[in-house]
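Asker: need a structure here:
(one chain, ligands or ions: 1)
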Amino acid sequence: MLFSELPLANSLQRAIRAVGYEQPTPIQEKSIPSLLEGKDLLGIAQTGTGKTAAFALPILQLLLNSGKFRAPKTCRALILLPTRELAIQVEECFKQYAQFTAISTACIFGGVSDVSQKRNLIRGVDVLVATPGRLLDLINQKAVSLKALEFFVLDEADRMLDMGFIHDIRKVVALLPQNRQNLFFSATMPDDITKLAATILRPNPVRVEVAPQSTPIERIHQELYRIDKRRKGALLKELLLAHPEMKKVLVFSRTKHGADKITRVLEKAGIKCAAIHGNKSQNRRQEALGNFKCEQIRVLVATDIAARGIDVDDVSHVFNYDLPDVPETFVHRIGRTARAGKDGIAISFCAPDEEQDLRAIEKLTRISIPEGDKSIFEKLPPPQKETPESEMRNARGRGFPRRDKNRGQNHDNRSNRDSNHQGGQKPENHNQGKPHNKVKPQNEKRPAAKGEGVKQTNPQNQEGHRTIGKNRPGSRARKRMREAAEAARRAGQN
Ligand code: AMP
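Answerer: Below is the predicted model:
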């Protein structure tokens with residue numbers, strides 16, 4: 001099937017040609033005709049399947065058909081998404097597809113001032129893309145009302161629930177007019193998602209299920225470097241210097257602090273790079289992403305949370321600077337390369353204390369990752385001798401609980417991982433790449449709530465070391481202190 005065969009207006013057909021699409025993807029082929037008939041849709045699909053165009057194009061067509069006009073401080077279509085990155089991305093898609101129409105769009109999300117967002121809503125918009133918290137905030141401020149809504153899209157529903165947005169979603173749904181067309185997308189359909197869908201969709205929605213594009217793992221050339229943690233920076237630098245063909249490189253760091261450290265090493269070597277993570281302002285993140293997309297920087301260093309949902313085409317290489325301790329996250333990471341039928345390369349660094357993570361990844365992917373060219377090690381500075389202090393610094397959570405593999409996250413340590421928590425934005429859940437229904441957190445009554453992820457509550461820092469590690473005396477010093485205290489106690493007794 002070709003796009004030209006779909007009953008879409010000339011202005012939309014022109015935009016489709018302008019963005020370079022020829023054939024609809026399976027989800028587009030299955031969804032667009034039913035949506036154009038005004039049916040509700042339950043879509044089980046992930047990002048990367050073309051689902052945005054699958055809902056955006058028919059909504060735009062129906063908005064064009066309806067002959068209604070936007071009223072001040074209202075919207076006609078609402079797309080609800082869990083993160084600002086996704087919201088920005090989806091609005092960009094709408095803008096592209098609507099570029100030859102008079103349809104207006106706006107995007108609202110937390111973590112930034114609401115002034116310009118409110119200004120954009122004064123005259124009303126046709127398509128509003130929003131994260132739940134900021135939407136409710138602006139509704140409460142009477143900056144926007146949902147009373148004139150014609151189309152409601154809940155995207156990434158499973159992630160929404162993972163991130164604790166269920167109450168916000170319910171509040172939004174309660175404000176929607178009865179007469180509306182609903183679209184509900186989720187990558188997985190556990191019971192709670194099915195129940196939520198039933199409260200939003202009209203009876204007998206069209207169900208469209210699309211498997212993610214053939215698991216790209218087979219198309220990805222993988223290499224593994226077993227390397228001491230402290231030499232990973234030097235190895236990454238040498239590999240990038242030795243391989244100019246590594247043009248668009250995404251480096252995954254386990255922590256925000258680690259991501260910053262990596263960029264410092266690369267910048268020193270003259271390699272253009274930037275980091276994106278939850279501590280960076282929204283503007284800095286967008287700037288970094290924009291520069292990476294247009295290849296003004298060669299390397300983008302990201303934490304899993306910040307990178308999730310970001311759609312960058314043509315990533316040539318993915319580096320797992322740190323191995324994730326949730327194996328599904330590894331699959332998600334390396335899937336950033338080898339997109340749209342292209343090949344890609346994924347290079348993973350494995351420190352001795354990550355061998356367990358490596359085994360879990362190899363078990364899940366059923367691939368034994370071959371080791372890379374060891375001659376590169378000759379270019380690295382010799383390994384430094386461990387001192388008791390450095391040993392303590394480098395031990396990952398020694399003496400502290402490791403992340404609970406079953407839960408995929410250590411909730412005590414939530415604040416130390418990338419929380420992506422800024423302003424009114426809720427923290428993202430760290431249960432990445434993990435099907436929602438797999439293993440439930442055991443001690444947790446509810447997922448991450450507002451405010452969590454900010455306060456440092458446990459003694460580990462972002463790298464899994466003790467927060468107070470730097471100021472904490474080494475073991476020998478501690479022994480001396482204990483001896484001195486003991487001597488003082490004895491002197492007191494005497
Ligand atoms: P999505 O799943 O909506 O995030 O889309 C993933 C990527 O596929 C985006 O870069 C889209 O621009 C691209 N895309 C969507 N539909 C098509 C299509 N029919 N042909 C080619 N690329 C597409």
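Asker: got the contact list for residue 68?
Answerer: 76, 150 (CB atoms under 8 Å, 6 or more residues apart in numbering). All C-beta atoms are positioned from the backbone trio N, CA, C, and that covers glycine.
Asker: please redo it, this time with the cut-off set to 7 Å
Answerer: Residue 68 sits next to residue 76 when contact means CB atoms under 7 Å, 6 or more residues apart in numbering.
Asker: ok, residue 299 next?
Answerer: Applying CB under 7 Å, 6+ apart to residue 299 gives the contacts 240, 249, 251, 266, 271, 273.
Asker: how about a cut-off of 6 Å?
Answerer: By CB atoms under 6 Å, 6 or more residues apart in numbering, the contact set of residue 299 is 249, 251, 266, 273.
Asker: correct me, but the first one touches residue 317?
Answerer: Meaning residue 249. Yes: using CB atoms under 6 Å as the test, residue 249 is close enough to residue 317 to be in contact (4.6 Å).
Asker: next, give phi and psi for residue 300.
Answerer: phi -110, psi 120 (degrees, to the nearest 10).
Asker: sorry, that was for residue 249
Answerer: According to degrees, to the nearest 10, the main-chain angles of residue 249 amount to phi -110, psi 130.
Asker: for the ligand, state which of the contacts of residue 299 is nearest.
Answerer: When the contacts of residue 299 are compared for distance to the ligand, the smallest value, 18.8 Å, is given by residue 249; criterion: CB to the nearest ligand atom.
Asker: which of the contacts of residue 299 fall in helices?
Answerer: Using DSSP state H, the members of those that fall in helices are residue 266.
Asker: contacts with the ligand among the contacts of residue 299, please.
Answerer: With CB under 6 Å from any ligand atom as the criterion, the contacts of residue 299 include none near the ligand.
Asker: of the contacts of residue 299, select the buried ones using a ChimeraX command.
Answerer: The buried residues among these can be selected in ChimeraX (16 or more other CB atoms under 10 Å) with this line:
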select :249,251,266,273
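Asker: tabulate the contacts of residue 299 (TSV), appending pLDDT.
Answerer: TSV is the format used below for those (pLDDT from 0 to 100):
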residue	pLDDT
249	95
251	96
266	95
273	95
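Asker: need the max-distance pair from the contacts of residue 299.
Answerer: When CB to CB is used, the two most widely separated members of the contacts of residue 299 are 249 and 266, lying 9.6 Å apart.
Asker: how about the residues of the stretch 51-200 of the chain near the ligand?
Answerer: The stretch 51-200 of the chain has residues 51, 52, 53 near the ligand, with proximity defined as CB under 6 Å from any ligand atom.
Asker: which of those residues ranks first by neighbour count?
Answerer: By neighbour count, taken as other CB atoms under 10 Å, the most surrounded of these turns out to be residue 51 (26 neighbours).
Asker: with adjacent residues omitted, what lies nearest to it?
Answerer: In this structure, residue 51 finds its nearest non-sequential neighbour in residue 45, 4.8 Å apart by CB to CB, 6 or more residues apart in numbering.
Asker: that neighbour and residue 210 touch, don't they?
Answerer: Yes: here residue 45 reaches residue 210: they are 4.4 Å apart, a contact under CB under 6 Å.
Asker: more crowded one of the two?
Answerer: The residue with more neighbours, out of residue 45 and residue 210 and counting by other CB under 10 Å, is residue 45; that gives 23 against 20.
Asker: residue contacts, the more buried one?
Answerer: For residue 45, counting by CB under 6 Å, 6+ apart, the contacting residues are 27, 51, 210.
Asker: OK, contacts around residue 181?
Answerer: Applying CB under 6 Å, 6+ apart, the residues contacting residue 181 are 38, 151.
Asker: now it: how far from residue 157?
Answerer: 17 Å (CB to CB, to the nearest Å).
Asker: the ligand versus the closest residue to residue 279 other than its chain neighbours, what's the distance?
Answerer: Taking CB to CB, 6+ apart, and ignoring the residues beside it in sequence, residue 279 has residue 256 as its nearest neighbour in space, at 5.1 Å. Plainly put, residue 256 is 25 Å away from the ligand if you go by CB to the nearest ligand atom, to the nearest Å.
Asker: count the neighbours of residue 256 for me.
Answerer: Using other CB under 10 Å as the criterion, residue 256 is surrounded by 25 other residues.
Asker: that one touches residue 277, doesn't it?
Answerer: Yes: Residue 256 is within contact range of residue 277, at 4.0 Å (criterion: CB under 6 Å).
Asker: list residues touching both of residue 45 and residue 210?
Answerer: By the contact definition CB under 6 Å, 6+ apart, residue 45 and residue 210 are jointly contacted by residue 27.
Asker: helix/strand/coil for residue 204?
Answerer: Of the three states, residue 204 takes coil under DSSP: H, G, I helix; E, B strand; the rest coil.
Asker: tell me the pLDDT at it?
Answerer: Predicted confidence (pLDDT) at residue 204: the value is 93.
Asker: from the ligand, how far off is it?
Answerer: As for residue 204, its distance to the ligand is 25 Å (criterion: CB to the nearest ligand atom).
Asker: tally of neighbours for that residue?
Answerer: Close neighbours of residue 204, defined as other CB under 10 Å, add up to 8.
Asker: go on, the one 3 residues further on?
Answerer: One way to gauge burial is a neighbour count; for residue 207, by other CB under 10 Å, it gives 16.
Asker: now swap in residue 377 and tell me
Answerer: 17.
Asker: related to what we said a few turns ago, just give me the closest of the contacts of residue 45 to the ligand.
Answerer: residue 51 (4.7 Å).
Asker: quick one, what contacts the closest one?
Answerer: With contacts defined as CB under 6 Å, 6+ apart, residue 51 is in contact with 27, 45, 185.
Asker: all strands for the protein, in order.
Answerer: Chain-ordered strands for the chain, with DSSP state E as the definition, fall at 41-44, 75-80, 105-108, 125-130, 151-154, 181-186, 206-209, 220-226, 249-253, 273-276, 299-303, 317-320, 344-350.
Asker: name every strand pairing with the third one and say which way it goes.
Answerer: Each strand that pairs with strand 105-108, with its direction, by DSSP bridges: strand 125-130 (parallel).
Asker: report the inter-axis angle for the strand it pairs with versus strand 75-80.
Answerer: Comparing the axes of strand 125-130 and strand 75-80 via axes from the mean of the first three to the mean of the last three CA atoms, to 10 degrees yields an angle of 20 degrees.
Asker: contacts for strand 125-130, please.
Answerer: Judged by CB under 6 Å, 6+ apart, the contacts made with strand 125-130 from elsewhere in the structure are 63, 70, 75-80, 87, 90-91, 94, 103-108.
Asker: break this structure down into its domains, please.
Answerer: With domains defined by automatic domain parsing, the chain comprises 3-209, 220-382.
Asker: chain center to the last one: distance?
Answerer: In terms of CA atoms, centre = their mean, to the nearest Å, the gap separating the centre of domain 220-382 from the centre of its chain is 15 Å.
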